[in-house]
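*Asks:* here is my input, please return the structure:
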Amino acid sequence: RATVMPGFNEGHMHLFPGATELDHLSLAGVRGFDALGSAVRSFAATSDATLIIGETTDYTVIGVGEPLTRHHLDRMLPERPLLLYSPDHHTGWANTIALEQAGVLQGRKVGVGNEIVMSAEGLATGELREGLAIEPVLMLSGEGLRYRLGLSTGGDPLPPATAAERAAADYRNALHFLR
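*Replies:* Numbering: from 1, shown residues only. Below is the predicted model of the structure:
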């Protein structure tokens, strides 16, 4: 007799965005307000990016039961736009200057299933749920949405990535993580 069981594999891979995100701040394993603030400030001090982007921010980065807000991020980096992504990219958190520059501090209608989380005072908390809520802030990067090419359709991006965009996506380094 033999038993057949399903295999477990990672079938949800976005190589182009993953490769371009290698230039962003990695927050994998960072825990606590002080550690997060230190990582953000250190990265920002060496970056000339118009939008500081942090990747792989744990949903409980500052503590279980305490949601990350724009006020936390303002204390870390008040003078530059900051966007942090959760590991699954379905949630982002932005500081006040990023929300203001993106025109979403007072909220905005976004598509069904997307949300700019609002406080009781009528201002955004900084939590952005799903792509259409995150995109206005992401546009501050000057890169537009090019690094997310192909994610929404699953097909090849149109127009195709330029030679410079392909060069910026360090595929060899990204493939290292697949081994």
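
*Asks:* just name the shakiest helix or strand of this structure by mean pLDDT.
*Replies:* The least trusted helix or strand in the chain, going by mean pLDDT, DSSP states H and E, turns out to be helix 171-176, with a mean of 57.

*Asks:* wait, is Trp93 part of a strand?
*Replies:* Yes: secondary structure of Trp93 (DSSP: H, G, I helix; E, B strand; the rest coil): part of a strand.

*Asks:* any low-confidence regions in the chain?
*Replies:* For the chain, applying pLDDT under 70 flags the ranges 7-19, 144-159, 161, 165-179.

*Asks:* elements contacting the top strand by length along the chain?
*Replies:* Looking across the chain with DSSP state E, the single longest strand is strand 124-129. Contact analysis of strand 124-129 by 3 or more CB pairs under 8 Å, 6 or more residues apart in numbering; DSSP states H and E lists helix 70-76, strand 91-94, helix 96-102, strand 115-118 as its packing neighbours. Placement of C-beta: from N, CA and C, glycine included.

*Asks:* once you drop chain neighbours, what's closest to Glu127?
*Replies:* Nearest residue to Glu127, sequence neighbours excluded (CB to CB, 6 or more residues apart in numbering): Val117, at 4.1 Å.

*Asks:* pretty sure the one you found is in contact with Glu130, am I right?
*Replies:* No: the criterion here is CB atoms under 8 Å, and Val117 misses it with Glu130 at 11.1 Å.
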